[in-house]
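Engineer: Build the 3D model from these lines:
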Amino acid sequence: MGLREEVSSPLSRRRLLALGAGILAAGTLSGWQSLAASATLAAPAQWVALGSVDLIIAQSRAAGGAVEPGEFIQVPYRRPQGGRDFVFVRFSGGEEGLQVLLPYCTNQAARVVFIAEQGEFYCPCHGERYTREGRACAEPGEAALGRLPWRVRKGVLWIRVG
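Structural biologist: Residues are numbered from 1 along each chain as shown. Model (predicted):
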């Protein structure tokens with residue numbers, strides 16, 4: 001058999017257009033299904049209570065933690081989707097000075113630690129450093145640490161997660 005005999009006959013224009021339309025329709029349907037699935041899987045943001053501000057400070061003192069104004073406290077909480085996590089909270093003079101930072105590096109999402117002696121956050125995964133305010137000090141960090149919306153109601157600190 002020669003090469004010409006092994007090659008099937010070329011597609012007609014009509015068949016080629018029908019095949020292309022079918023592929024396009026399948027891709028579009030798949031995209032819509034994916035979008036619908038992600039919309040239903042994404043949990044809406046929720047307010048989660050971290051606890052009494054006074055109790056958070058008292059527990060940090062009891063554990064020998066930093067409770068001076070301007071120092072960060074690592075505060076655990078229960079996620080609405082299940083499981084536990086924590087945030088860094090800084091009290092620096094009243095509610096106006098309250099700050100809540102996520103503990104994840106913006107480069108590879110590894111957990112950062114706060115080094116009080118240096119006044120910086122440090123990512124043990126790749127050495128990224130963040131300022132006390134959460135700004136990236138140098139490469140490879142591209143963005144500041146995430147901040148969470150918060151509110152204090154009747155002495156209880158709430159954060160918005162989701």
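Engineer: so who does Glu142 touch?
Structural biologist: Neighbour list for Glu142: Thr106, Asn107, Ala136 [criterion: C-beta atoms under 8 Å, 6 or more residues apart in numbering]. For the C-beta atoms, the positions are set from N, CA and C on the backbone; glycine is no exception.
Engineer: same check, this time on Leu98
Structural biologist: Residues in contact with Leu98 (C-beta under 8 Å, 6+ apart) are Val89, Arg90, Phe91, Ser92, Trp150, Val152, Leu157.
Engineer: Pull up the gap between it and Cys137, please.
Structural biologist: Leu98 is 23 Å from Cys137, where distance means C-beta to C-beta, to the nearest Å.
Engineer: cool, and Leu50?
Structural biologist: To Cys137, Leu50 is 27 Å away according to C-beta to C-beta.
Engineer: the more surrounded of the two?
Structural biologist: Shown here are Leu50 and Cys137; by other C-beta atoms under 10 Å, Leu50 has more neighbours (22 against 12).
Engineer: close enough to count as contact, that one and Val89?
Structural biologist: Yes: the pair Leu50 / Val89 is scored as a contact, 7.2 Å apart, by C-beta atoms under 8 Å.
Engineer: Now do the shared contacts for the two.
Structural biologist: Ile56, Val75, Leu157.
Engineer: Tell me if I am right that Ile57 is in a strand.
Structural biologist: No: counting by DSSP: H, G, I helix; E, B strand; the rest coil, Ile57 falls outside a strand, being helix.
Engineer: That one: neighbour count?
Structural biologist: Neighbourhood size, Ile57 [other C-beta under 10 Å]: 15.
Engineer: And it, how close does it get to Gln74?
Structural biologist: For Ile57 relative to Gln74 (C-beta to C-beta), the value is 13 Å.
Engineer: cool, and Trp158?
Structural biologist: Distance, Trp158 to Gln74, by C-beta to C-beta: 17 Å.
Engineer: which of those two has more neighbours?
Structural biologist: Neighbours per residue, other C-beta under 10 Å: of Trp158 and Gln74, the larger number sits with Trp158, 19 against 15.
Engineer: and the more buried one, how far is that from Glu128?
Structural biologist: Per C-beta to C-beta, Trp158 is found 29 Å from Glu128.
Engineer: how about the helices in this structure?
Structural biologist: 3-6, 13-41, 53-62 (DSSP state H).
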